[in-house]
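K.L.:
show me the folded form of this:
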Amino acid sequence: MARDLLGRTELFKGLPETSLAQLATVVSEAEFVEGQVLFRRGDPGDALHIIVGGVVQVSVGEDDEDTVIAVFGPGECVGELSLIDGRPRSATVEALEEVHTVVVPRDAFLEVIRSNVPTMEALLVTVVERLRHIDALAPDLAQLRASS
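P.N.:
Just a heads-up that it's a prediction; the model follows:
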């Protein structure tokens, strides 16, 4: 199941079969109840969560002025920025209902991409595509904050 899920996930879909198989051997599963936080802004970036079931919201800002920037469901992932750069989490992710995730640990992820140039290239293309999408949303987010 884990190998198939990884291969269908936007972030990993272009990875070679050997890399997907290697990652599948180190993933774990996690369960969250409605309202539970998967991780908070500032937490260590030690893993990526792939949503198997349920829905989460992603918010940024200070606790008293959080702005929801995305809602993700099955097949989508959260935590990819910290997975790649190891910096603290840039957003808070909360379960909007019961959520089941597959967790990819950062150390194992780095081992796979460091050992395989095509894997690294495929991942870079995917990350750049996601960043371009976020850049396209930036003006809307700024307008949303200004009107609040």
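K.L.:
what ranges does this structure have for its strands?
P.N.:
28-32, 37-39, 47-53, 56-60, 67-72, 77-78, 92-95, 99-105 (DSSP state E).
K.L.:
which one of those lies nearest to Glu17?
P.N.:
Minimum separation from Glu17 across these (C-beta to C-beta) falls at strand 99-105, 16.6 Å. Backbone N, C-alpha and C define where each C-beta goes, glycine included.
K.L.:
can you check what angle separates that closest one from strand 47-53?
P.N.:
With axes from the mean of the first three to the mean of the last three C-alpha atoms, to 10 degrees applied, the angle from strand 99-105 to strand 47-53 works out at 150 degrees.
K.L.:
pLDDT (mean, whole number) over strand 99-105?
P.N.:
Mean per-residue pLDDT for strand 99-105: 95.
K.L.:
so what secondary structure elements neighbour that strand?
P.N.:
Under the contact definition 3 or more C-beta pairs under 8 Å, 6 or more residues apart in numbering; DSSP states H and E, strand 99-105 sits against helix 2-8, strand 28-32, strand 47-53.
K.L.:
any chance of those in JSON lines, plus mean neighbour count?
P.N.:
Output for these, formatted as JSON lines (neighbours: other C-beta atoms under 10 Å):
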{"stretch": "helix 2-8", "mean neighbour count": "16"}
{"stretch": "strand 28-32", "mean neighbour count": "14"}
{"stretch": "strand 47-53", "mean neighbour count": "21"}
